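Peer 1: Predicted model and sequence below, questions to follow.
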Amino acid sequence: MAIPPATTPDVLDLTDPVRQAWHGDAPRPVRTYLWRPTGTPRGTVLLSHGSGGAAETLSWLAEALSAAGFLAVGVDHHGNSYPTGYVAEAFACWWDRPLDLTVALSEVAAREETGPVGVAGYSAGGYTAAALLGARIDRAGYSDLVHLRVPQPPNPEYPTIVEELTSRLTESDRDQWVEHCGRNYRDARARAGFLICPGMGPLIDADSLRHVEEPVSIWWAGADDQTPAPDHALRYASLIPGASAQSAGDAVEHYAFLADNEAGAPARTAVAGAAVEFFTRTLA
C-alpha cells in the first residue's frame, strides 16, 4: 500500500457538558480532529490514541483511511494526551475514553454525513475501541488495582501516578471509580472494531468480550514489551467471537505505531492497509 500524502485535519474544539474538566469548573474538552476524504464519505472511523499520546500520533492511520474515502475522526483524550497536559487521574479513569468518542461522533453526526461507523485504536486506544463494542472493565480486578491490593504496573508515560493518586484520593473516590469502571460504554452506532496492540487485556471482563457481536480485527507486535500479546491482544482475540488476529512482525515493538517512529514505518504501512481493507469490507 502506498503511503498517502500528509493532510492537515480540521479541528473542532468540542466539549462534553456532562463531565467536568480535570481543572476548574469548565466542561470537559473533547478536541476532535477530522481527516476528510474527497467527496461524501463511504463511512466514518473513530480513532483513539494510546495512553499519553495524541490524535496526531495516529495520523498515519487517519490519512490512509481518508485517502480510501473514509472520514477519520480522532480525539485528544483530556488529561491523558500531551496536547492537553497530563493529569494523574486521567491515566486511571479509563472509561472517559469511550465517552469521548461517543461525544465526538454525536457532534460530528449533527453537523454532517457520517455513513456507517467503525472504531480503531492503539494500545489504551485499543481498549477504547473494544469498549465502544461492549467490552467492560472487570470491577473486582480494577478495585484491587486502585485500592493498591496488587502490585502496580509501571506507567512509562506517568511514572509518579501511584504516589500522586495515593496522596489525593479518598476511599470514597476509589469506590466511585470502581462503580464507573464496570459500566457498559457500548455505542450501538459502532459496527466494527480494529484493535492495534490493545491494552488493559487482563482487566477486561471475559463475559463482556464473549458478547461482542461486531466484527473485530486485532493486530499485535511480536516484540511488544508494554502490552505483550499473550496477556492483551491474544486474550481479546480468544474471547471475542469470530475475531481475526495477526502479528505485525516478530521484531515489531510497541511504539512502532506512533507516527514519528521511523523504524516502525513498514509495520504502520501494512497495518494501515489492513485497516482500510477491513473497514471497506465491514462498513459496506
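Peer 2: Done, it's in. Residues are numbered from 1 along each chain as shown.
Peer 1: number of nearby residues for residue 91?
Peer 2: 20 (other CB atoms under 10 Å). Every C-beta, even on glycine, is put in place using the N, C-alpha and C of the backbone.
Peer 1: ok, now residue 172?
Peer 2: 8.
Peer 1: Just the pLDDT for it.
Peer 2: Residue 172 carries a pLDDT value of 92.
Peer 1: and it, how far is that from residue 152?
Peer 2: 20 Å (CB to CB, to the nearest Å).
Peer 1: can you pull out the helices in the chain?
Peer 2: 59-67, 96-111, 124-132, 139-146, 161-168, 171-181, 206-210, 233-239, 265-282 (DSSP state H).
Peer 1: Need these in a markdown table (columns: distance to residue 250).
Peer 2: Formatted as a markdown table, these follow (distance: least, CB to CB, whole Å):
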| stretch | distance to residue 250 |
| --- | --- |
| helix 59-67 | 21 |
| helix 96-111 | 29 |
| helix 124-132 | 20 |
| helix 139-146 | 30 |
| helix 161-168 | 31 |
| helix 171-181 | 34 |
| helix 206-210 | 26 |
| helix 233-239 | 14 |
| helix 265-282 | 11 |
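Peer 1: Quick one: closest of the ones you listed to residue 189.
Peer 2: Residue 189 lies closest, by CB to CB, to one member of these: helix 96-111, at 6.4 Å.
Peer 1: Go through that closest one and flag the buried ones.
Peer 2: 96-105, 107-108 (16 or more other CB atoms under 10 Å).
Peer 1: could I get those residues as a markdown table with distance to residue 260 and pLDDT?
Peer 2: Output for the buried residues of helix 96-111, formatted as a markdown table (distance: CB to CB, whole Å; pLDDT from 0 to 100):
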| residue | distance to residue 260 | pLDDT |
| --- | --- | --- |
| 96 | 25 | 98 |
| 97 | 22 | 98 |
| 98 | 26 | 98 |
| 99 | 28 | 98 |
| 100 | 23 | 98 |
| 101 | 23 | 98 |
| 102 | 29 | 98 |
| 103 | 27 | 98 |
| 104 | 24 | 98 |
| 105 | 27 | 98 |
| 107 | 28 | 98 |
| 108 | 26 | 98 |
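Peer 1: which among the residues you listed gets closest to residue 228?
Peer 2: Checking those one by one against residue 228 (CB to CB), the nearest turns out to be residue 97, at 21.2 Å.
Peer 1: Identify the residues contacting the closest one.
Peer 2: Each residue near residue 97 by CB atoms under 8 Å, 6 or more residues apart in numbering is listed here: 48, 77, 80, 124-125, 127-128, 131.
Peer 1: What about these, which one has the most neighbours?
Peer 2: Highest count within those by other CB under 10 Å belongs to residue 128, 35 neighbours.
Peer 1: Could you pull up the residues touching it?
Peer 2: Applying CB under 8 Å, 6+ apart, the residues near residue 128 are 48, 94, 97-98, 101, 119, 121.
Peer 1: okay if I get these as TSV plus distance to residue 112?
Peer 2: Converted to TSV, the contacts of residue 128 look like this (distance: CB to CB, whole Å):
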residue	distance to residue 112
48	21
94	29
97	23
98	22
101	17
119	18
121	22
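Peer 1: Out of those, which is nearest to residue 65?
Peer 2: residue 119 (11.7 Å).
Peer 1: Thought residue 46 was touching the closest one, still the case?
Peer 2: Yes: Residue 119 lies in contact with residue 46 (CB atoms under 8 Å); the separation is 4.4 Å.
Peer 1: Could you pull out the residues contacting both of these two?
Peer 2: 101, 129, 132, 190.
Peer 1: And these, which is closest to residue 224?
Peer 2: For these, the nearest to residue 224 is residue 129 (17.0 Å; CB to CB).
Peer 1: Now do the same for that closest one: its pLDDT.
Peer 2: pLDDT at residue 129 comes out at 98.
Peer 1: what do you get for residue 3?
Peer 2: Predicted confidence (pLDDT) at residue 3: the value is 46.
Peer 1: pLDDT below threshold where in the chain?
Peer 2: Regions of the chain meeting the criterion pLDDT under 70 cover residues 1-6.
Peer 1: Serialize the shared contacts of residue 119 and residue 46 to TSV and add fields for distance to residue 113.
Peer 2: Below are these laid out as TSV (distance: CB to CB, whole Å):
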residue	distance to residue 113
101	18
129	22
132	20
190	17
